[in-house]
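A.B. asks: Attaching a predicted model along with its sequence, questions to come.
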Number of protein chains: 2
Amino acid sequence: MNYNEDDRRFMELALMEARTAFDMDEVPVGAVVVNKGRVIGRGHNLTETLNDVTAHAEMQAITAAANTLGGKYLPDSTLYVTVEPCVMCAGAIGWSQIRRIVVGASDPKRGYSTVVSRPPFHPKAVVVTGVLADECASLMRAFFARKR
Amino acid sequence: MNYNEDDRRFMELALMEARTAFDMDEVPVGAVVVNKGRVIGRGHNLTETLNDVTAHAEMQAITAAANTLGGKYLPDSTLYVTVEPCVMCAGAIGWSQIRRIVVGASDPKRGYSTVVSRPPFHPKAVVVTGVLADECASLMRAFFARKR
């Protein structure tokens, strides 16, 4: 297991963001950015509310984190996200220079790994998967079951 | 040649956006979204000004176009962009369902085609390349020469 109790705790915060999205009838994905043990950005999917396909959880969290730090690069930060990022968000994570990416559930349909030949992250970035994966995935399943 | 006089005209508008970025000391990329012959969104790179790695020209133009139309999908629109989109922007173009993507200069370092195993665009999307490529590329070269 390549994650620790802190990782579970921050993924729980990302899950709270995802639940907020769920309650707003948004696809329930949440993200937080953590720097030196402190949450510096958080976000959840807002594509319907903002009428904007780019308003994914990770994009909100990265933009918020850069605002908090006053610099657009986040090399010393960790991103926690409840569902595997899409290729757009993976690209944004790469531009941000985030070096550690902690993922809850995988996304075999829309995840970046279905599209890329090499991950667009920083060359030294580490990806950790499967943190609270069941909780993250079951929230997605509940959302899409409700839509049917 | 798979582009026409209108394509050149709209790429010229995208180039005007790129020149605005250049004058602001931003990486000179510009984009416009056109729907039924009308510009419904435009943007240029603003990553320095907004302190936000996600503030690429295409992201601004897509968000603006969705605001103009009042709907987040743009299946009947064409995106013009002066430089080959990065993988983040390619992902956003895919989510927007834009069906026609007209590109100026290619980007052999950061373009989406260097990263993906299949383009993340709508399955029916058509990509046209090389429209005013020399003008688009020379603006980029002038920018990076100035930085050295």
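C.D. replies: Received it, and whenever you're ready, just let me know what you need. Numbering: from 1, shown residues only, chains lettered A, B, ... in the order given.
A.B. asks: For residue A:130, give its distance to residue A:136.
C.D. replies: According to Cβ to Cβ, to the nearest Å, residue A:130 and residue A:136 sit 9 Å apart. In short, each C-beta sits where N, CA and C put it, glycine included.
A.B. asks: of the two, who's got more company?
C.D. replies: Between residue A:130 and residue A:136, counted using other Cβ atoms under 10 Å in any protein chain shown, the more crowded position is residue A:136 (26 against 15).
A.B. asks: OK, contacts around the more buried one?
C.D. replies: Neighbour list for residue A:136: A:11, A:15, A:18, A:82-83, A:104-105 [criterion: Cβ atoms under 8 Å, 6 or more residues apart in numbering or on different chains].
A.B. asks: Relative to chain B, which of those residues is nearest.
C.D. replies: residue A:83 (14.6 Å; Cβ to the nearest Cβ).
A.B. asks: Surely the closest one is in contact with residue A:107?
C.D. replies: Yes. Using Cβ atoms under 8 Å, residue A:83 is in contact with residue A:107, at 5.3 Å.
A.B. asks: With neighbour numbers in mind, choose between the two.
C.D. replies: Each of residue A:83 and residue A:107 has its neighbours counted (other Cβ under 10 Å); residue A:83 has more, 29 against 19.
A.B. asks: what residues are up against that one?
C.D. replies: A:18, A:29, A:103-107, A:111, A:136-137, A:140.
A.B. asks: Provide the backbone phi and psi angles at it.
C.D. replies: phi -130, psi 140 (degrees, to the nearest 10).
A.B. asks: sec struct for the spatially most central residue of chain A, please.
C.D. replies: With distances taken as Cα atoms, centre = their mean, residue A:81 lies nearest the centre of chain A, 2.6 Å away. Following DSSP: H, G, I helix; E, B strand; the rest coil, we place residue A:81 in the strand state.
A.B. asks: Look at it and report its pLDDT.
C.D. replies: On pLDDT, residue A:81 comes in at 98.
A.B. asks: got it, and the one 10 residues further on?
C.D. replies: According to the per-residue confidence, residue A:91 scores 98 in pLDDT.
A.B. asks: Tell me the bridge partners for residue A:105.
C.D. replies: Here residue A:105 sits in beta bridges with residue A:83, going by DSSP bridges.
A.B. asks: Report the contact partners of residue A:125.
C.D. replies: Going by Cβ under 8 Å, 6+ apart, residue A:125 touches A:93-94, A:98-101, A:119.
A.B. asks: scratch that, residue A:13
C.D. replies: Per Cβ under 8 Å, 6+ apart, neighbours of residue A:13: A:30, A:32, A:39, A:42, A:80.
A.B. asks: Including secondary structure, pLDDT and distance to residue B:25, could the contacts of residue A:83 go into JSON lines?
C.D. replies: JSON lines is the format used below for the contacts of residue A:83 (DSSP: H, G, I helix; E, B strand; the rest coil; pLDDT from 0 to 100; distance: Cβ to Cβ, whole Å):
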{"residue": "A:18", "secondary structure": "helix", "pLDDT": "98", "distance to residue B:25": "38"}
{"residue": "A:29", "secondary structure": "coil", "pLDDT": "98", "distance to residue B:25": "35"}
{"residue": "A:103", "secondary structure": "strand", "pLDDT": "98", "distance to residue B:25": "36"}
{"residue": "A:104", "secondary structure": "strand", "pLDDT": "98", "distance to residue B:25": "39"}
{"residue": "A:105", "secondary structure": "strand", "pLDDT": "98", "distance to residue B:25": "41"}
{"residue": "A:106", "secondary structure": "coil", "pLDDT": "97", "distance to residue B:25": "41"}
{"residue": "A:107", "secondary structure": "coil", "pLDDT": "97", "distance to residue B:25": "38"}
{"residue": "A:111", "secondary structure": "coil", "pLDDT": "97", "distance to residue B:25": "36"}
{"residue": "A:136", "secondary structure": "helix", "pLDDT": "98", "distance to residue B:25": "41"}
{"residue": "A:137", "secondary structure": "helix", "pLDDT": "98", "distance to residue B:25": "45"}
{"residue": "A:140", "secondary structure": "helix", "pLDDT": "98", "distance to residue B:25": "42"}
